[in-house]
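K.L.:
My questions are about this predicted structure, shown below with the sequence.
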Amino acid sequence: MLTMREKKKNERKYLKDIKSISHLNEILTESQTKERLEIEIGCGNGHFITHYGEKNPSTYLIGIEIKKSRCLKILKKVKNKNLYNIEVIQGKAEDLIEKLPFSSIDVVHIYFPDPWPKARHRKRRFFRKPYLDLLSNCLKSGGRVNFATDYFDYALQAKILLSLHSDFSLIKSAPPEEIFLSVYANKFKRLDRPVRFISAIKV
Ligand SMILES: C[S@@+](CC[C@H](N)C(=O)[O-])C[C@H]1O[C@@H](n2cnc3c(N)ncnc32)[C@H](O)[C@@H]1O
């Protein structure tokens, strides 16, 4: 069993593999080798993206995560599983979606984003109208936004925003099973907090 120090040392060897938004063009060129392009916003420790990427080898996945330590954990999983269809960008999702080309993405995955539960912090939530406009811009027609949260009012916010947006139509759909593998999903299961899944299609 590795000590914490050995684990950290082990993960640091993936530092060179972390991409930044400035690498976007080369990532997009590489993504053309696959049939589909999907992004995950705030991938945490990478449980979703790595399991989903493993199950969908013809899909290219870009994960964006703000914390370097988490990017290293994701990359460790990517390398251990020998996955060649996943890139991890360290950065702010808001900056990435501004730069993604028009009509380039098949699915945007947003699972358990920071809920900012205090009323005065709600404006920090990712799922807001200006970012939904940017997501709409980069999604292909027929593309999807998938969103999950354990926060009732965040789910309500997402549902209202999507139903009022003229580019989106809510659809009934089961969540990808891989979302339940994450640290957060497991925590909510233990606490018996229901997970609310919302999916919308770009019309
Ligand atoms: C509550 S965690 C959920 C992680 C993961 N999706 C899961 O299901 O376990 C939210 C993640 O989003 C990341 N994050 C927060 N704000 C972000 C931003 N603006 N851009 C990219 N990642 C962000 C956090 O660092 C954290 O890893």
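P.N.:
Sure thing, it's come through.
K.L.:
Every contact and neighbour count from this point should use C-alpha atoms.
P.N.:
Fine.
K.L.:
By mean pLDDT, point me to the weakest helix or strand of this structure.
P.N.:
Between all helices and strands in the chain, the lowest mean by mean pLDDT, DSSP states H and E belongs to helix 4-12, at a mean of 78.
K.L.:
Return the residues of the protein in contact with the ligand.
P.N.:
Contact residues, the chain versus the ligand (CA under 6 Å from any ligand atom): 41-44, 64-67, 91-93, 111-114, 182-184.
K.L.:
ranges for the strands of this structure?
P.N.:
Taking DSSP state E to define them, one finds strands in the chain at 36-41, 59-65, 86-90, 105-111, 139-149, 168-171, 196-202.
K.L.:
returning to that earlier point: now the buried members of the residues of the chain next to the ligand.
P.N.:
Among these, those classed as buried by neighbour count (16 or more other CA atoms under 10 Å) are 41-44, 64-67, 91-93, 111-113, 182, 184.
K.L.:
Narrow the residues you listed to those in helices?
P.N.:
With DSSP state H as the criterion, helices contain 93, 184 from among those.
K.L.:
Any idea which residue is closest to the centre of this protein?
P.N.:
residue 40 (1.9 Å; CA atoms, centre = their mean).
K.L.:
The closest residue to residue 200 other than its chain neighbours and residue 108: what is the separation?
P.N.:
Setting aside the residues directly before and after it, residue 200 is nearest to residue 170 in space (CA to CA, 6 or more residues apart in numbering), at 4.1 Å. Counting by CA to CA, to the nearest Å, the separation of residue 170 from residue 108 is 14 Å.
K.L.:
Same drill for these two, tell me which one is more crowded.
P.N.:
Neighbour tally, residue 170 and residue 108, criterion other CA atoms under 10 Å: the higher count belongs to residue 108, 23 against 19.
K.L.:
Tell me who's in contact with that one.
P.N.:
For residue 108, the contact set (CA atoms under 8 Å, 6 or more residues apart in numbering) comprises 38, 39, 40, 41, 135, 139, 144, 145, 146.
K.L.:
What is the burial count for the last one?
P.N.:
In terms of burial, residue 146 registers 19 neighbours under the definition other CA under 10 Å.
K.L.:
so what's the residue nearest to it when sequence neighbours are not counted bridging to?
P.N.:
Using CA to CA, 6+ apart and skipping the chain neighbours, the partner closest in space to residue 146 is residue 199 (4.6 Å). Residue 199 has the following beta-bridge partners by DSSP bridges: residue 146, residue 171.
K.L.:
tally of neighbours for residue 199?
P.N.:
Using other CA under 10 Å as the criterion, residue 199 is surrounded by 22 other residues.
K.L.:
correct me, but the residue nearest to the centre of the chain touches residue 66?
P.N.:
No - distance between residue 40 and residue 66: 12.0 Å, which falls outside the contact criterion (CA atoms under 8 Å).
K.L.:
quick one: low-confidence parts of this structure?
P.N.:
Judged by pLDDT under 70, the chain has no weakly predicted residues.
K.L.:
One more pass at 80, please.
P.N.:
The model of the chain has pLDDT under 80 over residues 1-2, 6-11.
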